[in-house]
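In: give me coordinates for this.
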Amino acid sequence: MKLTILGCHSATPRTNTNPTSQVLEIKNHMFLIDCGEGTQVELRRNKIKFSRIKHVFVSHLHGDHYYGLIGLVSTFTLLTRETPLHIYGPKGLKEVITLQLKLSDSWTNYPLVFHELTSKESELIYEDDKVEVHTIPLDHRIYTNGFLFKEKENERKLDINAVLNANISVAYYRKLKQGADVENEDGVLIKNETVTTSPIPSKSYAFCSDTVYNETIIPLIKKTTALYHEATFLEKNKDLCKRTKHCTAKQAAIIAKKANVANLILGHFSTRYNGYDDFESEAKQEFDNVFLAKDGKVFEF
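Out: Here you go, the predicted model:
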């Protein structure tokens, strides 16, 4: 599981900071999460192939999280894309993007598929045989979702020597990997655990930006491999959280601790701060495995 931060700052872009956007590589998927201004430039800078992006997840309709989307959609057209692009985001996103395409007479030459979200409860919005994606309802000034990306349980591993010694037909190897007991060539039932080993633990990633401190998300993100949680402010500016519906680094760490996640990545930093070391030190008062997002930084889990 690989996460590339394209942008991790709030509000407006600056010469050395970009608004929210990131790419998650998981089980051969490349998911684009949020699409602030400058996303396609950062995709190129980080040598990420545009053609591998087939799913875009947009948390909410504040500009620093989706103003780069129409540019990316248009660039895909110029690159003669044919593969469908699926976009998951709040109701209204389709209207915004299609109006821009209509007024500029720039319809895409590839299928553009919108999955508009309205539910305030967590829901499954994408699934295949390897990955599930669920929404994480957040508490912000407008309708907002985070996203939970989960690998499905991996297959068990064959102990090939044990399998051969048990005289099991190759036709049953698939069932063994799926955890089933099978009969060998002699009609004897072979217990799965005697010829296989436990699978590699499945991984998960939770993206939570933007939100006020909100403990209702804890059951949804319990024991995730990595949690990206907004940390717009430091505790010294905590009074701004209520009005803007954002979090401090300390509050993000408390959520991580209560959810018993393995790793916490802080992001969505306010551009009022010149440095970010204080975010890490503040969060580490509550939680040990804290990392700071940075434009261009790659995390592997």
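In: OK, contacts around Val182?
Out: Ile168, Tyr172, Lys175, Leu176, Leu189, Ile190, Asn192 (CB atoms under 8 Å, 6 or more residues apart in numbering). Heads up, the C-betas are built off the backbone N, CA and C, glycines and all.
In: backbone dihedrals for the residue nearest to Gly296 when sequence neighbours are not counted, please?
Out: Nearest non-adjacent residue to Gly296, counting by CB to CB, 6 or more residues apart in numbering: Asn46, 6.3 Å away. When quoted as degrees, to the nearest 10, the phi and psi of Asn46 stand at phi -100, psi 10.
In: okay, now Asn46: neighbour count?
Out: Neighbours of Asn46 under the rule other CB atoms under 10 Å: 15.
In: Lys47 and Asn16, how far apart?
Out: 20 Å (CB to CB, to the nearest Å).
In: before we move on, what about Glu151?
Out: 34 Å.
In: ditto for Lys191
Out: Taken as CB to CB, the span from Lys191 to Asn16 is 59 Å.
In: for the two, indicate the residue with more neighbours.
Out: Taking neighbours as other CB under 10 Å, Lys191 and Asn16 compare with Lys191 leading, 10 against 7.
In: need the contact list for the nearest residue in space to the more buried one that is not next to it in sequence.
Out: Excluding the flanking residues, the one nearest Lys191 by CB to CB, 6+ apart is Asp181, at 5.5 Å. By CB under 8 Å, 6+ apart, the contact set of Asp181 is Leu189, Ile190, Lys191, Asn192.
In: which of the residues you listed tops the neighbour count?
Out: Ile190 (19 neighbours).
In: wait, that residue sits on Ile168?
Out: Yes - counting by CB atoms under 8 Å, Ile190 does reach Ile168; the two are 6.1 Å apart.
In: so what sits against both of those two?
Out: What both Ile190 and Ile168 touch, as defined by CB under 8 Å, 6+ apart, is the set Val182, Asn184.
In: the residue in the chain sticking out farthest from the centre in helix, strand or coil?
Out: Distance from the centre of the chain peaks at Asp186, with 48.1 Å (CA atoms, centre = their mean). The assignment at Asp186 comes out as coil when based on DSSP: H, G, I helix; E, B strand; the rest coil.
In: what number of residues lie near the nearest residue to it once chain neighbours are set aside?
Out: Spatial nearest neighbour of Asp186, chain neighbours left out: Asn167 (6.2 Å); criterion: CB to CB, 6+ apart. Asn167 has 11 neighbouring residues, counting by other CB under 10 Å.
In: hmm, Asn167 is touching Gly187, no?
Out: No - if you go by CB under 8 Å, Asn167 and Gly187 don't touch, sitting 10.4 Å apart.
In: so which residues of the stretch 1-150 of the chain form strands?
Out: Remark: strands assigned in the stretch 1-150 of the chain by DSSP state E, counting those that start in this stretch are 2-7, 21-26, 29-35, 55-57, 85-90, 112-117, 124-127, 131-138, 144-151.
In: quick one: strands adjacent to the fifth one?
Out: Each strand paired with strand 85-90, and its direction, by DSSP bridges: strand 55-57 (parallel), strand 112-117 (parallel).
In: could you check how far Lys203 is from Tyr143?
Out: 28 Å.
In: mind listing what the residue nearest to Asp186 touches?
Out: By CB under 8 Å, 6+ apart, the contact set of Asn167 is Asn184, Glu185, Asp186.
In: try His29
Out: Lys54, His55, Lys130, Val131.
In: rebuild those as JSON lines, extending it with neighbour count, pLDDT and distance to Glu123.
Out: Putting the contacts of His29 into JSON lines (neighbours: other CB atoms under 10 Å; pLDDT from 0 to 100; distance: CB to CB, whole Å) gives the following:
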{"residue": "Lys54", "neighbour count": "14", "pLDDT": "98", "distance to Glu123": "20"}
{"residue": "His55", "neighbour count": "21", "pLDDT": "98", "distance to Glu123": "16"}
{"residue": "Lys130", "neighbour count": "14", "pLDDT": "95", "distance to Glu123": "19"}
{"residue": "Val131", "neighbour count": "20", "pLDDT": "98", "distance to Glu123": "15"}
